[in-house]
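# Coordinates for the following, if possible.
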Amino acid sequence: MNGKAFMYRTTCVPLDGKDDENTKEAKQILAKKLAVAKAIAPHGENVDWAINLVEFDPNHSYIVNHHLARVLVCDTKEAATLLCYNKEVGVRVITRDAEMDVKPSGVTGGGEEGGEGEGLTD
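Reported below is the predicted structural model:
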């Protein structure tokens, strides 16, 4: 298999899918994770779910939930690392300026510090 085979891969998520992210149990789990994240975040750190920080057409709630319901947003790289690797939180965390993206799997990415691009919530 050559490397070009992966250049054209896509992931398709149906827009009319069942919204599993909104089940009562899932909401309770996510609420607990957010409470823990806020409790252990450095003093003054803003922490919230990405889905609470963006506006979207309700007709697209399934696709937005699929991508953002389990992504936390915080202010600093230090907080992103702390929250992501905490056993009680353990979700993907990105910084508000999109400078750092940390995943529990250990994969970390990010943009250029001081770059000209806008952050997640600008």
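# Other residues contacting the longest helix that the chain contains?
As assigned by DSSP state H, the longest helix anywhere in the chain is helix 24-40. The contact list for helix 24-40, computed with C-beta atoms under 8 Å, 6 or more residues apart in numbering, reads 20, 47-49, 69-70, 72, 74, 82-83, 86, 88-91. Placement of C-beta: from N, CA and C, glycine included.
# and that helix, what's its mean pLDDT?
The average pLDDT within helix 24-40 is 92.
# Distance from that helix to the middle of the chain?
14 Å (C-alpha atoms, centre = their mean, to the nearest Å).
# among the contacts of helix 24-40, which are in helices?
Leu82, Leu83.
# Just the buried ones out of the contacts of helix 24-40, please.
Buried residues within the contacts of helix 24-40, defined by neighbour count using 16 or more other C-beta atoms under 10 Å: Val47, Trp49, Ala69, Arg70, Leu72, Cys74, Leu82, Leu83, Asn86, Val89, Gly90, Val91.
# Output those in CSV, with distance to Ala35 appended to each entry.
Formatted as CSV, these follow (distance: C-beta to C-beta, whole Å):
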residue, distance to Ala35
Val47, 10
Trp49, 12
Ala69, 16
Arg70, 15
Leu72, 12
Cys74, 14
Leu82, 15
Leu83, 12
Asn86, 12
Val89, 10
Gly90, 14
Val91, 13
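# What's the separation between the residue sitting nearest the centre point of the chain and Asn46?
Residue closest to the average C-alpha location in the chain (C-alpha atoms, centre = their mean): Val71, at 1.9 Å. Counting by C-beta to C-beta, to the nearest Å, the gap from Val71 to Asn46 is 15 Å.
# lowest-pLDDT helix or strand in this protein?
For the chain, the helix or strand with the lowest mean confidence is strand 108-109, at a mean of 78 (criterion: mean pLDDT, DSSP states H and E).
# just how off-centre is that strand within its chain?
The answer for strand 108-109 is 12 Å, by C-alpha atoms, centre = their mean.
# likewise stretch 58-67?
Offset of stretch 58-67 from its chain centre (C-alpha atoms, centre = their mean): 14 Å.
# before we move on, what about stretch 89-102?
Stretch 89-102 sits 6 Å away from the centroid of its parent chain (C-alpha atoms, centre = their mean).
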